[in-house]
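Asker: have a look at this fold, sequence not included:
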C-alpha cells in the first residue's frame with residue numbers, strides 16, 4: 001500500500017483529503033505541527049507528499065527546496081494561489097505536479113496515480129533515515145552533501161535494517177538476505193561488513209545508528 005503524507009494546515013480540508021485518500025486505498029499520514037516540517041517529511045518515509053504552499057509561519061515552496069536536497073520523494077503542491085509565478089517557482093524547486101484549490105477529487109486522484117507511476121518507473125527509490133538519503137540501486141548514503149559508497153553486502157545489510165528499523169534483525173536473517181543475493185558470507189564476514197557499515201555511518205555523524213543486541217542481532221535506531 002502506498003503511503004501519502006498530507007501537509008495542510010486547514011483542519012477541515014486536511015480531514016477531507018485524508019478521507020479521500022483512504023477511500024482510494026492509500027495509507028495516510030498528516031502533519032499538524034508546522035515546525036521542522038522538512039524533518040517530519042523525511043521521517044514519514046512516504047511514497048508521495050501533498051504539500052500546501054500557505055502554511056503557518058512558513059512557506060511550502062521553501063520547505064520543498066530544502067526537502068529536495070535530501071530526497072527525491074514525489075511532491076504535489078496544493079494551493080489556492082492562482083499566480084503562474086507560484087507554479088513556476090514550485091516546479092523549479094522540484095515539485096512533481098501543481099494542483100490549485102478547489103480541486104476535483106477524481107482529477108486529484110488521477111494526478112496522484114500518474115505521479116506515483118512516473119516515480120516507480122524512473123528508478124528513483126531513495127530511502128530516508130535520520131537525514132540520510134539511501135539509494136539501494138547506487139548503494140550510497142548521502143547526508144548534507146557528504147556521500148559514502150557502500151559495498152553490495154553493506155547495502156543489503158543496511159536496507160534490511162532500515163526496512164525493519166527499531167526491530168531486532170538477527171544475524172541469521174542478515175546472512176540469509178546475503179545468501180539470497182548470491183553473496184558468500186559466514187559469521188565472521190557478516191561482522192566485518194557490519195563494522196564497515198558502522199564506520200561509514202559514523203562518517204556521516206551517525207555513530208550510534210546500529211545497536212548490537214548480544215546473542216540476538218542488530219537494531220537500527
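Answerer: That came through fine. The shown structure was predicted, so the numbers you read here are calculated from the model rather than taken from an experiment.

Asker: would you state the strands of this protein in chain order?
Answerer: 3-7, 27-31, 48-52, 54-55, 58-59, 75-79, 97-100, 127-129, 132-135, 140-143, 146-149, 169-170, 210-213, 217-220 (DSSP state E).

Asker: any idea how far the most centrally placed residue in the chain is from residue 91?
Answerer: Nearest residue to the geometric centre of the chain (CA atoms, centre = their mean): residue 45, 3.7 Å. For residue 45, the distance to residue 91 (CB to CB, to the nearest Å) stands at 24 Å. C-beta coordinates here come from the backbone N, C-alpha and C atoms, glycine included.

Asker: please name the nearest non-neighbouring residue to residue 43.
Answerer: residue 128 (7.5 Å; CB to CB, 6 or more residues apart in numbering).

Asker: any idea how far the lowest-mean-pLDDT helix or strand in the chain is from the chain center?
Answerer: Comparing every helix and strand of the chain by mean pLDDT, DSSP states H and E singles out helix 84-92 as the least confident one, with a mean of 82. The chain centre lies 23 Å from the centre of helix 84-92; the measure is CA atoms, centre = their mean, to the nearest Å.

Asker: run a quick neighbour tally on the nearest residue to residue 130 once chain neighbours are set aside.
Answerer: Take residue 130 and drop its neighbours on the chain: the residue closest to it by CB to CB, 6+ apart is residue 206, 6.2 Å away. As a burial measure, residue 206 scores 19 neighbours (other CB atoms under 10 Å).

Asker: do the same with residue 152
Answerer: Neighbour count for residue 152, taken as other CB under 10 Å: 13.
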